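Colleague: missing the sequence, but the structure's below:
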């Protein structure tokens, strides 16, 4: 494989537009670019989560499978971003959605039913997992906004939805495997 980027800056975006792989030029605030950007932000934060998981495995070896399940998601998010940049390109497959669903089911069985709302926190790792979860929801909203303007493939929309669900359950699983109580929401005292 040759070099993909021989020049980092092109000056073609200086006037507020960017190019898609199909040759179209769109505004940098176009829903497609917003969705790509939100997926990129999620992927960056997921990278931070994976780095922190890799460090935590030395203390909590049971976290390795969390990292093993999440790691391919960086590649699949990149695939989805590619699909958004190249509307005719199809990389993400239904089997990836099913892989996330299987992990959700397995992990959810381990953590048990949710008896109250939980808040992000308890440990840095748990909080970072919730940051990724909330960015996955934001990515989903951006993709759905684009889908209303320019229809997207169902697999991509389902994938980002399941990823947010997986990250929610992962946060609960990390708490359990770290031996940290989940931070439960409490209603404000009423006067």
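Modeller: Okay, I see it. Quick caveat, the model's predicted, so the values are computed rather than measured.

Colleague: Could you pull up the residues touching residue 183?
Modeller: 118-122 (CB atoms under 8 Å, 6 or more residues apart in numbering). For every residue, glycine as well, the C-beta is placed using N, CA and C.

Colleague: Restrict those to the buried ones and give me that as a PyMOL selection.
Modeller: Only the buried entries of these go into this PyMOL selection, using 16 or more other CB atoms under 10 Å:
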select buried, resi 118+122
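
Colleague: Would you format the contacts of residue 183 as CSV with distance to residue 32, secondary structure and pLDDT included?
Modeller: Compiled in CSV, these are given as follows (distance: CB to CB, whole Å; DSSP: H, G, I helix; E, B strand; the rest coil; pLDDT from 0 to 100):
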residue, distance to residue 32, secondary structure, pLDDT
118, 34, strand, 93
119, 34, strand, 91
120, 30, coil, 94
121, 34, coil, 93
122, 37, coil, 93
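
Colleague: for the most centrally placed residue in the chain, helix, strand, or coil?
Modeller: Centroid-nearest residue in the chain, with CA atoms, centre = their mean: residue 136, separated by 4.2 Å. Under DSSP: H, G, I helix; E, B strand; the rest coil, residue 136 falls in the helix class.

Colleague: does the nearest residue to it once chain neighbours are set aside sit in a helix or strand, and which one?
Modeller: Computed as CB to CB, 6 or more residues apart in numbering, the closest residue to residue 136 that is not its neighbour in sequence is residue 164, at 3.5 Å. Secondary structure from DSSP states H and E places residue 164 in helix 154-178.

Colleague: quick one: which of the contacts of residue 183 is nearest residue 181?
Modeller: Nearest to residue 181 out of the contacts of residue 183 is residue 122 (CB to CB; 6.7 Å).

Colleague: what residues are up against the closest one?
Modeller: Neighbour list for residue 122: 175, 178, 180-183 [criterion: CB under 8 Å, 6+ apart].

Colleague: What about the nearest residue in space to it that is not next to it in sequence, how many residues nearby?
Modeller: Leaving aside its sequence neighbours, residue 122 sits nearest to residue 180 (CB to CB, 6+ apart; 4.4 Å). Neighbourhood size, residue 180 [other CB atoms under 10 Å]: 14.

Colleague: Please verify my assumption that residue 180 contacts residue 123.
Modeller: Yes - with contact defined as CB atoms under 8 Å, residue 180 counts as touching residue 123 (5.4 Å).
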